[in-house]
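Enquirer: here is a sequence with its predicted model. Questions after.
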Amino acid sequence: MMNKEENNNDMMDFILNDNETYDNGLSHPSVEFEENERKEADRILQEKEIDYKCCERFYGNEKLVCDNIRKLGSWLGDYDGLNMKDIVNKLLEDEKECVDMNPKYQKPMGYLHKTGKVKDIIKKSDGTYYTKKLTNCCLVKDENGEWDYVNKLNTNYNDLSELLTTLFLKGGKIEELTKMNSGEIKMYLTNIRKNNVLLKLFMKYFTVDEYKDFTYNTKGNTVRGDYVEDLTKQMLEKEGYTSLYEGGNGDFIDMKYGVDLIVEKDGDISLVQVKSRASTAKYSMSKDSYRYINIFAGESPDGNGITMYHRKDGLITVSVIGKDVLNSNMEYLMKRYS
């Protein structure tokens, strides 16, 4: 009986070999099948708006495999895990446009510099601000020259789960993976990650444009995130804060410094990070990438309010703004999302 390591090695040779005999042996979906699958996923997303659930584009065994991969969570993207973040970055590298963003972000850079926390931002003799972090900023743009959702593929483990499932669908490995639980799939993925095998598999079976199809979960998260961010902004203003800066999709102040909003009250500038859920906001407080943040916010577990964690001088205070304030903002929200 063939052991798992032998089977994995055989799978690598089988899929990576460019020999025509190998290619003929693959259980590769037809172009029509893949097109129909994308149309069905589009229909589900359109009908349910932001309520698309991960792996709904698949059925039967394919969905089972996708669900098991999804259970691996952030391990899929983490540097210490499968490190799909690095793989996706390499796959999209040639599609990215890189520019110096220092001129564009002078206003928020000034606010960050004023806090005294962000040491890499310097004020030059001519009064302008500069940081090395913004000298070579790269993005994938859509056909209209705007920020594309595929830029978030490297950090969304739901979309990564669907991408990996499709890879195994293309390679005819679904039936085999159906017999594995999440732990066994984790070992399987770890094995094919070695020696850049996984990267080569993606390069063999996907075009760059196909990666843009794996953004359904990112789009849903972005809509939910914008909703919570707008509410957070309104609630902070009700508490006496003045909004100084608000980023958006493709905002490098957010990507480089973890800042969604910059607000001011009584002469003090606060940096805000907003998450879709309060639990995620609380968890984010321990991450070094958010070391500059004063206020973390997320939707409360019951969905009827916003929970805010205020961090100052090592102390954390928690405030919850409930449904009465949400109701008073309904007109604003309807106008915003009409």
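Expert: Noted; the coordinates are in hand. Numbers count the residues shown, from 1 in each chain.
Enquirer: what helices or strands is the longest strand along the chain leaning on?
Expert: Assignment by DSSP state E gives strand 268-277 as the longest strand of the chain. Judged by 3 or more CB pairs under 8 Å, 6 or more residues apart in numbering; DSSP states H and E, strand 268-277 is in contact with helix 106-115, helix 216-238, strand 261-265, helix 278-284, strand 295-299. C-beta coordinates here come from the backbone N, C-alpha and C atoms, glycine included.
Enquirer: tell me which of those sits most buried.
Expert: strand 295-299 (a mean of 25; mean count of other CB atoms under 10 Å).
Enquirer: could you point out which element follows it?
Expert: Beyond strand 295-299 on the C-terminal side, the first helix or strand identified by DSSP states H and E is strand 306-312.
Enquirer: that following strand pairs with which strands, parallel or anti?
Expert: strand 295-299 (antiparallel), strand 315-321 (antiparallel) (DSSP bridges).
Enquirer: worst mean pLDDT among those?
Expert: Lowest mean pLDDT within those: strand 315-321, a mean of 85.
Enquirer: contacts for it?
Expert: Identification of contacts with strand 315-321 by CB atoms under 8 Å, 6 or more residues apart in numbering yields 235, 238, 285, 300, 305-310.
Enquirer: what's the PyMOL syntax to select whichever of those are buried?
Expert: Selection of the buried residues among the contacts of strand 315-321 in PyMOL, burial being defined by 16 or more other CB atoms under 10 Å:
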select buried, resi 235+300+305+306+307+308+309
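Enquirer: what is the nearest of the contacts of strand 315-321 to Cys55?
Expert: Ser300 (26.8 Å; CB to CB).
Enquirer: before we move on, back to that, can the helices and strands packed on strand 268-277 go into TSV with extra columns for distance to Ser319?
Expert: TSV is the format used below for those (distance: least, CB to CB, whole Å):
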stretch	distance to Ser319
helix 106-115	21
helix 216-238	9
strand 261-265	13
helix 278-284	11
strand 295-299	10
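Enquirer: okay, the strands paired with strand 306-312 in JSON lines with distance to Ser276 next?
Expert: Output for the strands paired with strand 306-312, formatted as JSON lines (distance: least, CB to CB, whole Å):
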{"stretch": "strand 295-299", "distance to Ser276": "6"}
{"stretch": "strand 315-321", "distance to Ser276": "16"}
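Enquirer: domain ranges for this protein?
Expert: The record's domain parsing of the chain by automatic domain parsing lists 4-94+157-214, 95-140, 220-337.
Enquirer: of the ones you listed, which is nearest Asp148?
Expert: Nearest of the domains of the chain (CB to CB): domain 95-140, 4.8 Å.
Enquirer: where does this structure dip in pLDDT?
Expert: 1-51, 323-338 (pLDDT under 70).
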